[in-house]
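J.: Give me the fold of what follows.
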Amino acid sequence: MTPVLTNQRPVVATLAELNERLAAIDEAEDERFVHGSLTSIGHNFAVEREHLLPLPADAYDTGLDLCPTVHRNGRITVRQSYYSVPARFIGQRVRVSLRANEVVVFDGARQVARHPRLTRRYDYHDILDHYLEVLLVKPGAFAGAAALAAARAEGSFTAAHEAFWAAARQAHGEREGTRALIEVLLLHRQLPAAAVIAGVEAVLRAKAASFELVAIEARKALEEGIGAHEAADHVDGEAATGDGAMPPAGAQDKDEAVPGPPRARVISLLARLPADARPVPSIAKYDRLLKRRPTTEGTA
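T.: Next up, the predicted model:
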């Protein structure tokens with residue numbers, strides 16, 4: 001359906017939905033003909049674009065800088081809305097760039113969190129990864145955590161995570177099973193989401209519920225190429241979100257096969273070192289220390 005321009009204020013749930021609606025209106029405008037013109041607006045702009053100057057190489061930050069303090073619940077307050085940050089910053093001041101569509105949190109020059117900007121007062125947006133260290137110590141609070149509900153709604157906490165959690169609780173009990181799941185979630189900081197999900201599914205097929213096995217299978221999956229396109233996001237130990245959060249579900253190809261039996265591979269360090277052209281040192285001089293030498297009082 002072609003969007004129609006009206007004077008009514010659009011009613012949307014998020015800024016992302018508003019941007020999608022505006023983009024659809026812009027696309028429809030490209031096909032419109034101004035009265036008296038033989039060419040469309042989109043065609044005219046394509047001709048005009050050739051005469052415009054190129055965009056600057058460096059992006060200009062249009063955000064508003066703020067310095068809120070992280071509350072005890074691991075959130076900051078920005079324009080009467082609440083956003084989570086990693087729990088290690090509780091009690092500290094962080095730098096926030098408040099932008100039109102998002103809120104970006106920095107520790108110095110390093111990005112530690114990124115959220116879509118909220119439009120309603122007293123609303124909040126939590127990222128599950130920000131609370132994992134706290135929940136690892138208090139696993140009983142995991143099931144009722146607001147961040148878990150948000151991760152489920154956004155799809156980053158997938159059916160594979162749910163199945164592993166159920167299997168781990170059945171095998172190890174409520175507390176230790178939940179801790180095993182949190183360890184798997186922490187693994188997302190080191191490996192791409194597709195590789196971790198493949199590792200979880202392989203362990204579930206083996207009727208096991210061990211975090212160590214998930215880590216092994218996830219690394220094997222990465223070697224097989226699953227999630228290789230996401231590996232660049234983990235070079236600095238952070239996810240694409242910039243704070244180590246779990247990437248959205250569905251990044252992996254569901255048709256890719258799960259890696260088979262492990263193939264042993266030995267890497268020789270000597271083979272990687274350059275050849276040493278120096279002569280082998282001689283120890284002939286030390287042989288004289290082992291010879292018996294006569295003295296005035298007899299034989300030493």
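
J.: got the CA coordinates for the helix or strand containing Ala198 in CSV?
T.: Here Ala198, judged by DSSP states H and E, is contained in helix 193-205. In CSV, the C-alpha atoms belonging to helix 193-205 read as follows (Å, rounded to 0.1, in the frame of the first residue of the first chain):
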residue,chain,number,x,y,z
ALA,A,193,26.3,-16.1,18.1
ALA,A,194,25.9,-18.6,15.2
ALA,A,195,28.9,-20.7,16.5
VAL,A,196,27.6,-20.7,20.1
ILE,A,197,24.1,-21.7,19.0
ALA,A,198,25.6,-24.5,16.9
GLY,A,199,27.6,-25.7,19.9
VAL,A,200,24.5,-25.7,22.1
GLU,A,201,22.5,-27.7,19.6
ALA,A,202,25.3,-30.2,19.2
VAL,A,203,25.5,-30.7,23.0
LEU,A,204,21.7,-31.1,23.2
ARG,A,205,21.7,-33.8,20.5
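
J.: roughly how far is that helix from the heart of the chain?
T.: A distance of 17 Å separates the C-alpha centroid of helix 193-205 from that of its chain, computed with CA atoms, centre = their mean, to the nearest Å.

J.: Tell me the buried residues in that helix?
T.: Ala193, Ala194, Ala195, Val196, Ile197, Ala198, Gly199, Val200, Glu201, Ala202, Val203, Leu204 (16 or more other CB atoms under 10 Å). The C-beta positions use only the backbone N, C-alpha and C, and glycine is treated the same way.

J.: Please look at the fifth one and Ala160 and confirm they touch.
T.: The one in question is Ile197. Yes: if you go by CB atoms under 8 Å, Ile197 and Ala160 touch, sitting 5.1 Å apart.

J.: Buried ones in stretch 155-174, by neighbour count?
T.: Buried positions in stretch 155-174, judged by neighbour count with 16+ other CB under 10 Å: Ser156, Phe157, Thr158, Ala160, His161, Phe164, Trp165, Ala167, Ala168, Arg169.

J.: which of those has the weakest pLDDT?
T.: pLDDT across the buried residues of stretch 155-174 is lowest for Ser156, at 91.

J.: re the thing from before, just checking, which helix or strand succeeds the helix holding Ala198 along the chain?
T.: Following helix 193-205 in sequence, per DSSP H and E, is helix 211-223.

J.: so what's Ala208 up against?
T.: Neighbouring residues of Ala208 by CB atoms under 8 Å, 6 or more residues apart in numbering: Ala167, Ala171.

J.: pLDDT averaged over the helix holding Ala198 - what is it?
T.: 93.

J.: what's the angle between it and helix 211-223?
T.: Helix 193-205 and helix 211-223 are oriented at 130 degrees to each other (axes from the mean of the first three to the mean of the last three CA atoms, to 10 degrees).

J.: What helices and strands are in contact with helix 193-205?
T.: Helix 193-205 is packed against helix 159-172, helix 174-187, helix 211-223, with contacts defined by 3 or more CB pairs under 8 Å, 6 or more residues apart in numbering; DSSP states H and E.

J.: Just the residues contacting the first one, thanks.
T.: For helix 159-172, the surrounding residues in contact (CB under 8 Å, 6+ apart) are 176-178, 180-181, 184-185, 197, 200-201, 203-204, 208-209, 214.

J.: quick one: which of those is nearest to Glu20?
T.: Set against Glu20, the nearest of these by CB to CB is Ile197 (27.5 Å).

J.: so Pro116 makes contact with His125?
T.: Yes: the pair Pro116 / His125 is scored as a contact, 6.7 Å apart, by CB under 8 Å.

J.: Might you list the low-confidence residue ranges for the stretch 1-150 of the chain?
T.: Along the stretch 1-150 of the chain, the parts satisfying pLDDT under 70 run over 1-7.

J.: And Gly173, how far from Ala209?
T.: Look at Gly173 and Ala209: by CB to CB, to the nearest Å, they are 11 Å apart.

J.: ranges for the strands of the chain?
T.: With DSSP state E as the criterion, the chain has strands at 64-66, 75-78, 81-84, 95-98, 102-107, 110-116, 124-125, 294-295, 298-299.

J.: Thank you kindly, that will do.
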